[in-house]
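Asks: take this sequence and fold it.
(2 chains)
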Amino acid sequence: GAGVSQSPSNKVTEKGKDVELRCDPISGHTALYWYRQSLGQGLEFLIYFQGNSAPDKSGLPSDRFSAERTGGSVSTLTIQRTQQEDSAVYLCASSPGFISNQPQHFGDGTRLSIL
Amino acid sequence: KNEVEQSPQNLTAQEGEFITINCSYSVGISALHWLQQHPGGGIVSLFMLSSGKKKHGRLIATINIQEKHSSLHITASHPRDSAVYICAVHGSSNTGKLIFGQGTTLQVKP
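Replies: Okay, the predicted model is just below:
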């Protein structure tokens, strides 16, 4: 698997439920990013992990959102007590390192629909 | 006002036309990306640049750091170029996170 892998590709859940979205970055990539793309809107940054450093959580929209990255590889984005405004495509990207002039490789996203 | 502004928002062209999409930003940056997103598809990085000009096939990207402006050009456009083109910048604080423009939706008609 050469690319960034996200699962599930689609998730439909009821308002108030918790959801977990998974991202498998490209092997060896130390930087991992989560972004969100709401319908008709542009992309927005959520959270960024770089190696063992503390993550940059400045984009998380509320305390219902959290993310972790275990072992410097796989990441999970968790949304608690989902709301309808959480409906969006959640994209994960990875890059080789912290240096900002390295391209980011995007997964295909998880399309989350809150009923 | 958004930190990254693209124009136009929507663009329709005839096959073969020369296309320009513009991106202006108001923050200091360390690099700028042009991304392509096909309907229902993932996002692909087309270019990453911090100065000058880059060319790949029919695509050309330029950046003017002093004017805080970048352009993406498509020569001899083709219907398969129809997609959303997104400009994104890395801030100069070098955190790695991207700040995105709203995207330009391009439709190329045969």
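Asks: pLDDT weak spots in chain A?
Replies: Applying pLDDT under 70 to chain A picks out residues A:1, A:98-101.
Asks: just how off-centre is the lowest-mean-pLDDT helix or strand in chain B within its chain?
Replies: In chain B, the helix or strand scored least confidently by mean pLDDT, DSSP states H and E is strand B:98-100, which has a mean of 89. Relative to its parent chain, strand B:98-100 has a centroid offset of 12 Å by C-alpha atoms, centre = their mean, to the nearest Å.
Asks: quick check: residues of chain A near chain B?
Replies: When proximity is defined as C-beta under 8 Å from any C-beta of the partner chain, chain A approaches chain B at A:31, A:33, A:35, A:41-45, A:48, A:50, A:56, A:58-59, A:91, A:93, A:95, A:98-109. Every C-beta, even on glycine, is put in place using the N, C-alpha and C of the backbone.
Asks: list the residues that contact the spatially most central residue of chain A.
Replies: Centroid check for chain A by C-alpha atoms, centre = their mean gives A:Trp34 as the closest residue, at 3.2 Å. Counting by C-beta atoms under 8 Å, 6 or more residues apart in numbering or on different chains, A:Trp34 makes contact with A:Cys23, A:Phe45, A:Leu46, A:Ile47, A:Tyr48, A:Ala67, A:Ser75, A:Leu77, A:Tyr90, A:Leu91, A:Cys92.
Asks: for the fourth one, what are phi and psi?
Replies: Backbone torsions for A:Ile47, taken as degrees, to the nearest 10, come to phi -160, psi 150.
Asks: identify the bridge partners of it.
Replies: On the basis of DSSP bridges, A:Ile47 is bridged to A:Trp34.
Asks: residues near it, how many?
Replies: 22 (other C-beta atoms under 10 Å in any protein chain shown).
Asks: also the fifth one?
Replies: Other residues lying near A:Tyr48 total 24 when counted by other C-beta under 10 Å.
Asks: distance check, the nearest residue to it once chain neighbours are set aside against A:Gln37.
Replies: Excluding its sequence neighbours, the residue lying closest to A:Tyr48 (C-beta to C-beta, 6 or more residues apart in numbering or on different chains) is A:Asp56, at 4.2 Å. Distance, A:Asp56 to A:Gln37, by C-beta to C-beta, to the nearest Å: 19 Å.
Asks: and those two? Which one has more around it.
Replies: Legend: neighbour count by other C-beta under 10 Å for A:Asp56 and A:Gln37, higher for A:Gln37 (20 against 17).
Asks: do I have it right that that one meets A:Cys92?
Replies: No: using C-beta atoms under 8 Å as the test, A:Gln37 is too far from A:Cys92 to be in contact (11.8 Å).
Asks: now for those two: what residues contact both?
Replies: Joint contacts of A:Gln37 and A:Cys92 (C-beta under 8 Å, 6+ apart) are A:Gly109.
Asks: assign A:Asp108 to helix, strand or coil.
Replies: coil (DSSP: H, G, I helix; E, B strand; the rest coil).
Asks: okay, now A:Lys17: neighbour count?
Replies: When neighbours are counted by other C-beta under 10 Å, A:Lys17 comes out with 13.
Asks: contacting residues around the residue lying closest to it once chain neighbours are set aside?
Replies: Leaving aside its sequence neighbours, A:Lys17 sits nearest to A:Thr82 (C-beta to C-beta, 6+ apart; 5.6 Å). When the contact criterion is C-beta under 8 Å, 6+ apart, the partners of A:Thr82 are A:Thr13, A:Glu14, A:Lys15, A:Gly16, A:Lys17, A:Asp18, A:Val19, A:Arg64, A:Leu112, A:Ile114.
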